[in-house]
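[1] Let's see this in three dimensions:
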Amino acid sequence: MELETAAVGKSFPPFEYEVGREKIREYAIALGFDDPIYLDPGAAREAGFRNVVAPPMFCVVYSAGAMAPAIFDPEVGMDFARMVHGAQSFDWSEPVCSGDLITTTASCASIEERDGKGFYVFESVSVNGEGAETVRGTWTNIVRGE
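    Residues are numbered from 1 along each chain as shown. Down below sits the predicted model:
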């Protein structure tokens, strides 16, 4: 398998996502989270948050818009039809709350071949409107050989 590695180190345009209270509520309910900090602004403020707080994995919702251009970039050259999800990891910082404007930037960290498969690793960094980092993600996609 011959992989193109010219995109390693490439950054993609930032993606902005305005976090809405209803989206947080829908996400929390879908996952069975009933903690009032996800549902009730008063309970969230009482717990020390600015507004209802997003569950940690909500980061996938506001990061996806930055990741799509990276994954589909022709310079990356990933065969999406053969791609499977490999791994994901996140390091959380500042909590994300309703009303936050989150900006996420993605970059291609590495492209390498192992055991006849392509391993494509991307990094994302999300910050809120004050410039505080909310989450840093590592996304690994594996492209199966023929």
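[2] State the distance from the residue nearest to the spatial centre of the chain to residue 27.
    Among the residues of the chain, the one closest to the centroid is residue 63, at 3.3 Å (Cα atoms, centre = their mean). The gap separating residue 63 from residue 27 is 13 Å, by Cβ to Cβ, to the nearest Å. C-beta coordinates here come from the backbone N, C-alpha and C atoms, glycine included.
[3] any chance you could map the helices in this structure?
    Secondary structure of the chain (DSSP state H): helices at 21-30, 41-46, 59-72.
[4] Out of the ones you listed, flag the one nearest residue 90.
    Residue 90 lies closest, by Cβ to Cβ, to one member of these: helix 59-72, at 6.0 Å.
[5] Which elements pack onto the closest one?
    strand 15-18, strand 83-92, strand 101-114, strand 117-127, strand 133-143 (3 or more Cβ pairs under 8 Å, 6 or more residues apart in numbering; DSSP states H and E).
[6] per-residue confidence averaged over the last one?
    Spelled out, it's strand 133-143. For strand 133-143, mean pLDDT is 97.
[7] Pull the residues that contact it.
    Residues from elsewhere that reach strand 133-143 (Cβ atoms under 8 Å, 6 or more residues apart in numbering): 56, 59, 63, 67, 71, 78-79, 82-96, 100, 102, 109, 117-128.
[8] again, 6 Å this time
    For strand 133-143, the surrounding residues in contact (Cβ atoms under 6 Å, 6 or more residues apart in numbering) are 59, 78-79, 82-84, 86-94, 96, 117-128.
[9] Much appreciated, bye for now.
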